[in-house]
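In: okay, sequence plus prediction incoming.
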Amino acid sequence: MKPVLLIINVVLSVGIVVLILLQGKGAGLGSAWGGGGELFQTRRGVEKFTLRLTFVLVALFALVSIVNFFVK
């Protein structure tokens, strides 16, 4: 059971990394810390979907990690 949970964790982590990289905006390091000039921007369409999917994958990753901790 433990190897299956580890494989699921790896797949979820790769999915999280890919989704986070897809969400990147801006061209420089300044935009990474809020230097992009926009104060607030709503997310629509695909951006909203990828953000929600990222939250779901992070929650699943945390849940699988907790389960993996207690499984022998």
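Out: Ah, there it is. Please read all numbers here as calculations on a predicted model, not as lab measurements.

In: quick one: name whatever helix or strand follows the least confident helix or strand in the chain by mean pLDDT.
Out: Here the helix or strand of the chain ranked lowest by mean pLDDT, DSSP states H and E is helix 29-32, holding a mean of 52. Counting by DSSP states H and E, the next helix or strand C-terminal to helix 29-32 is helix 46-70.

In: same question for that next one, mean pLDDT?
Out: The pLDDT scores in helix 46-70 average 95.

In: please apply the same query to stretch 10-26.
Out: Mean predicted confidence for stretch 10-26 is 89.

In: for it, buried residues please.
Out: Buried positions in stretch 10-26, judged by neighbour count with 16 or more other C-beta atoms under 10 Å: Leu12, Gly15, Ile16, Leu19. Yep, even glycine has a C-beta here, placed from its N, CA and C like the rest.

In: relative to Leu22, how far out is the third one?
Out: Read that as Ile16. Ile16 is 11 Å from Leu22, where distance means C-beta to C-beta, to the nearest Å.

In: and what of Ile66?
Out: When Ile66 is compared with Leu22 (using C-beta to C-beta), they lie 27 Å apart.

In: now swap in Arg44 and tell me
Out: Counting by C-beta to C-beta, the gap from Arg44 to Leu22 is 15 Å.

In: and the pLDDT at Gly35?
Out: 57.

In: who touches the one helix or strand Pro3 maps to?
Out: Per DSSP H and E, Pro3 falls inside helix 2-22. Contacts of helix 2-22 with the rest of the structure, by C-beta atoms under 8 Å, 6 or more residues apart in numbering, involve 50, 53-54, 57-58, 60-61, 64-65, 67-68, 71-72.
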